[in-house]
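Novice: give the three-dimensional model of this entry:
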Amino acid sequence: MNTNIWLTVGSFHALVLLIPVSLVTLYFRPGSWHILLALSAGLLAGFINLHTDEVQVPAALLLLFGILLGFVKPTRAWLWALLIGVWVPVGQFVVILVNGHPGILQEGLGSLLAFAFSSAGSFMGAGIAALAKRASTGS
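Specialist: Alright, predicted model coming up:
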């Protein structure tokens with residue numbers, strides 16, 4: 001089997017393994033669902049990024065989940081940006097290392113733009129939460 005198949009199988013199984021880990025974690029720490037959602041969304045975006053040549057879908061996922069988590073927990077917007085955005089570059093650098101791909105400048109460093117989308121989403125969500133809070137207390 002070639003390395004792309006192994007990467008697909010490995011990344012898919014990481015997503016599947018997250019399901020029972022999430023269930024056990026939620027049983028013992030129900031308040032940690034924010035972190036699990038951020039990790040799951042980031043892993044999903046990273047997985048999709050590895051299997052498409054287009055950047056729109058992973059970028060939209062990073063932005064969307066950043067907005068949602070930033071709105072729900074605005075005081076931790078920086079954490080959501082980090083937990084959601086880290087998986088796209090991690091996946092890209094793993095592919096580069098496994099394949100011996102020379103595209104580290106184009107693909108590897110370019111994947112760091114995932115942090116821009118997750119940060120923009122998280123801080124937009126936090127901003128919307130602040131505006132909503134101000135509107136509800138002002139009326």
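Novice: which residues does Ile84 contact?
Specialist: Counting by Cβ atoms under 8 Å, 6 or more residues apart in numbering, Ile84 touches Ala38, Ala41, Gly42, Ala45, Leu62, Phe65, Gly66, Leu69, Ser118, Gly121, Ser122. Where C-beta positions appear, they are placed from N, C-alpha and C, glycine not excepted.
Novice: Gly91 too?
Specialist: Contact analysis of Gly91 by Cβ under 8 Å, 6+ apart lists Ser11, Gly46, Phe47, Asn49, Leu50, Ser111.
Novice: okay, and Trp47 sits in which element?
Specialist: For residue 47 the amino acid is Phe, not Trp. helix 33-50 (DSSP states H and E).
Novice: next structured bit after that helix?
Specialist: helix 56-72.
Novice: so that next one versus helix 33-50, what angle?
Specialist: When axes from the mean of the first three to the mean of the last three Cα atoms, to 10 degrees is applied, the directions of helix 56-72 and helix 33-50 differ by 170 degrees.
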